[in-house]
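1. A structural model of the following input is requested.
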Amino acid sequence: MPTRVAGNRRKSIRRWDMFARGRTTLDALERLIGGMGTGVLAMLSLMLLGATALMSLVGVGLLMAPAALRALRAVANRERSRLGDWGQGFVSPEPVPDGLRAALADRTVRRELAWVATHASFGVFLGILSTTLPVKAVQDVTFWAWWRLVPPEEASDAGLGLWTVDDGPSALAIALVAPVWIALAMIFSPLMAWLQAWPGRRLLALDADADLGVRVAHLTATRSAALDAHATELRRIERSLHDGTQNRLVAVNVLVGAARRAVARNPAAAEDILGQAQDAAEQALTELRGVVRSILPPVLAERSLADALDGLVTTFPLPCTIEADIPVRCAMSVEATAYFVVAEALTNIAKHSGARRASVRVRRHDDRLQVEVIDDGKGGA
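-> Residues are numbered from 1 along each chain as shown. Here you go, the predicted model:
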């Protein structure tokens, strides 16, 4: 009996390994196809740069060079964004310097020129190669259905040319070759995805000096934004307490004073007044709890950001889906910021966008938390 359990466990592990390998292959193919897309953009950018260089011989290209370099920067930033979606964070560089000499002297521009030449060739090649393997698998599996439509010489090349296809059974046997293409895709796709992304990781990441300057500027702007957000939040809490809770407490104080004056001459009236005072006190407590929850929702502290967002979505008046991929919890301040960003975005959608539905997507990549709120409204919310 123990041997059977161990055998079942090994079979389960193997099935899980195959499932994980298949998922890894699909992820790698998705990366390779996305890289092929940016590779095509890099190819177009490289052609524009080449045309600009040729026309510079007659002077016209010098006027086009700044625009060509800005187009290169846009393509490089698209690749930075794509690589960032797959886990590696990139800091966006400063805009291309004005003036051709300053732009060509910029280290980031030179690194982007090296990247675009590599990605336009090697990246596109790997993307095409990666799509060829699953296409060949599908072609061989379905070959029996359409082999009569192809010329005989092409039919003889099917299935790696291992046998001649001249009838239905031999065409059906071509499907036996499909697992070879699938196995090759499962083995080599992750490696090809890594090779395709490697030039971008090496060349599009900012060097130490540029990265430090950008980060200092980003931290300065972030600090100012954080201080502004802090002041805005304090004003909001002050308004909530002043307009709601404080007024309720003033009413309680007035009612208790009236009850004390009436208790001697009209105890029944005093009892009614105390009942009103109790109602006002309960309303004040309810509003105070609302203010406290708006500062930090208890479910966020007790459970997780995903649970807090689930509760937020359930109170949203429109159909809304939420997708949360947060394997490890972030700092409480980060989760609170993400929560209030989503809450404010959903409030604006409900009030101003005219949308019929919305969706919220929250993902964590390493030390970054990415929040995305989408709706089908008119925009400007």
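2. gap between residue 94 and residue 73?
-> Computed as Cβ to Cβ, to the nearest Å, the residue 94 to residue 73 distance reads 10 Å. C-beta here means a position set from N, CA and C on the backbone, and glycine is covered the same way.
3. Could you check which of those two is surrounded by more residues?
-> Regarding residue 94 and residue 73, a neighbour count based on other Cβ atoms under 10 Å identifies residue 73 as having more, with 21 against 14.
4. what's the closest non-adjacent residue to that one?
-> Spatially, and ignoring its direct neighbours in sequence, residue 73 is nearest to residue 96 (5.3 Å; Cβ to Cβ, 6 or more residues apart in numbering).
5. dump the residue contacts of the nearest residue in space to residue 248 that is not next to it in sequence.
-> With Cβ to Cβ, 6+ apart as the criterion, residue 248 has its nearest non-adjacent residue at 3.4 Å, and that residue is residue 284. Contacts of residue 284 were listed using Cβ atoms under 8 Å, 6 or more residues apart in numbering, and they are 244, 245, 248, 249, 252.
6. did I read that right, the residue nearest to residue 73 in a strand?
-> No. Residue 96 is assigned coil when assessed by DSSP: H, G, I helix; E, B strand; the rest coil, not a strand.
7. show me what contacts it?
-> Contacts for residue 96 were tallied using Cβ under 8 Å, 6+ apart; they are 66, 69, 70, 73, 103, 106, 109.
8. pretty sure residue 75 is touching residue 41, no?
-> Yes. Taking contact to mean Cβ atoms under 8 Å, the distance of 4.7 Å between residue 75 and residue 41 places them in contact.
9. ok, the nearest residue to residue 35 once chain neighbours are set aside - how many residues close by?
-> In space, and not counting its chain neighbours, residue 35 is closest to residue 196: 4.5 Å by Cβ to Cβ, 6+ apart. The tally of other residues near residue 196 (other Cβ under 10 Å) stands at 27.
10. again, but for residue 370
-> 14.
11. strands paired with the host helix or strand of it, and their directions?
-> The secondary structure element spanning residue 370 is strand 368-375 (assigned by DSSP states H and E). Strand 368-375 has its sheet partners listed here by DSSP bridges as strand 358-365 (antiparallel).
12. Not counting the strand it pairs with itself, show me its contacts.
-> Counting by Cβ under 8 Å, 6+ apart, the neighbours of strand 358-365 from elsewhere in the structure are 84-85, 87, 89, 305-306, 309, 313, 316, 318-328, 330, 338, 342, 346, 349, 369-376.
13. I'd like the distance from that strand to the chain centre, please.
-> In this view, strand 358-365 has its centroid 7 Å away from the chain centroid, taken as Cα atoms, centre = their mean, to the nearest Å.
14. now swap in stretch 263-277 and tell me
-> The gap between where stretch 263-277 is centred and where its chain is centred comes out at 61 Å by Cα atoms, centre = their mean.
15. domains of the chain?
-> What the record gives for the chain is the domain set 2-203, 209-295, 300-375, from automatic domain parsing.
16. In a markdown table: those, plus mean pLDDT.
-> Rendered in a markdown table, the data for those read as follows (pLDDT from 0 to 100):
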| stretch | mean pLDDT |
| --- | --- |
| domain 2-203 | 78 |
| domain 209-295 | 72 |
| domain 300-375 | 83 |
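17. ok, residue 329 touching residue 301?
-> No. At 11.0 Å, residue 329 and residue 301 do not qualify as touching, with contact defined as Cβ under 8 Å.
18. helix or strand for residue 67, which one?
-> Secondary structure assignment for residue 67, by DSSP H and E: helix 60-85.
19. what about residue 108, how many neighbours?
-> When neighbours are defined as other Cβ under 10 Å, residue 108 has 22 of them.
20. Equivalent analysis for residue 203, please.
-> Under the neighbour criterion other Cβ under 10 Å, residue 203 is assigned a count of 19.
21. contacting residues around it?
-> With Cβ under 8 Å, 6+ apart as the criterion, the residues that contact residue 203 are 111, 112, 114, 115, 118.
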